[in-house]
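K.L.:
Provided below for reference: sequence and predicted model.
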Amino acid sequence: MKSTSPNNGCEEGEERAAGFVLFRTTPQDRHYLLLRHRSDGHWAFPKGRLEPGEDEFAAAVREIFEETSIEQVRPIAGFRETSSYHVSRNGRRVGKTVAYYLAETKRSKVSLSFEHTDFQWLRLEEAVGVLTYAESRRILADADRLLSELATSREPGACR
């Protein structure tokens, strides 16, 4: 994964970011939001750097609004996945860790920020085929598994 953000005030050589695996449910299926990044065209979830003094969840909420204009999300308890990788900053290799949360929205309309060129709401199978990085596919699979488990536990007659 690649980022173009400058260091966010963390220790030298480390960046922290946060985002959401955002979904909406239709009568037919569950759809996940993917964004195409302007910088290199990769497809990923909405995310961005933490600002000084900001916690991960607050950064994720801020980023979802800044990148999509979606304000109302319903977080799903029990989901926090991380992805760690390296990016290049001014010729230096820098470690980056992104924390992802899971949330639902009723809204399908997206207004993209300047950082992105396209978006798609996709079913799981389609999203897996579009996501650029294997780590994103792993996080999506974990999110979908949790949502399926939660749905099963809420069905009438399910063991609790």
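P.N.:
Perfect, thanks for sending it.

K.L.:
make it CA atoms for all contacts and neighbour counts henceforth
P.N.:
Will do.

K.L.:
low-confidence ranges in the chain?
P.N.:
1-13, 155-160 (pLDDT under 70).

K.L.:
for it, what spans make up the helices?
P.N.:
Secondary structure of the chain (DSSP state H): helices at 56-68, 124-130, 134-154.

K.L.:
so which of the ones you listed comes closest to residue 21?
P.N.:
helix 134-154 (7.1 Å; CA to CA).

K.L.:
Which neighbouring elements make contact with that closest one?
P.N.:
helix 124-130 (3 or more CA pairs under 8 Å, 6 or more residues apart in numbering; DSSP states H and E).

K.L.:
neighbouring contacts of the helix it packs on?
P.N.:
The contact list for helix 124-130 (CA atoms under 8 Å, 6 or more residues apart in numbering) reads 30-32, 34, 43, 137, 140, 144.

K.L.:
Apply 10 Å and report the result again.
P.N.:
Contact with helix 124-130 is made by 29-34, 36, 42-44, 120-122, 134, 136-138, 140-141, 144, as judged by CA atoms under 10 Å, 6 or more residues apart in numbering.

K.L.:
Now do the buried residues in that helix.
P.N.:
Neighbour counts over helix 124-130 (16 or more other CA atoms under 10 Å) mark 124, 127-128, 130 as buried.

K.L.:
Tell me which stretches of the chain form strands.
P.N.:
Ranges of strands within the chain are 14-25, 30-37, 43-44, 47-49, 74-75, 81-89, 92-104, 116-122, based on DSSP state E.

K.L.:
I'd like the distance from the third one to the chain centre, please.
P.N.:
In other words, strand 43-44. 9 Å (CA atoms, centre = their mean, to the nearest Å).

K.L.:
what does that strand contact?
P.N.:
Residues contacting strand 43-44 (CA under 10 Å, 6+ apart): 1, 21, 33-37, 116, 118-120, 127, 130-133, 136-137.

K.L.:
Then the last one?
P.N.:
Outside of strand 116-122, the residues within contact range by CA under 10 Å, 6+ apart are 22-24, 29-46, 67-68, 108-112, 126-130.

K.L.:
And stretch 86-99, how far out from the chain middle?
P.N.:
Per CA atoms, centre = their mean, the displacement of stretch 86-99 from the mean C-alpha position of its chain is 18 Å.
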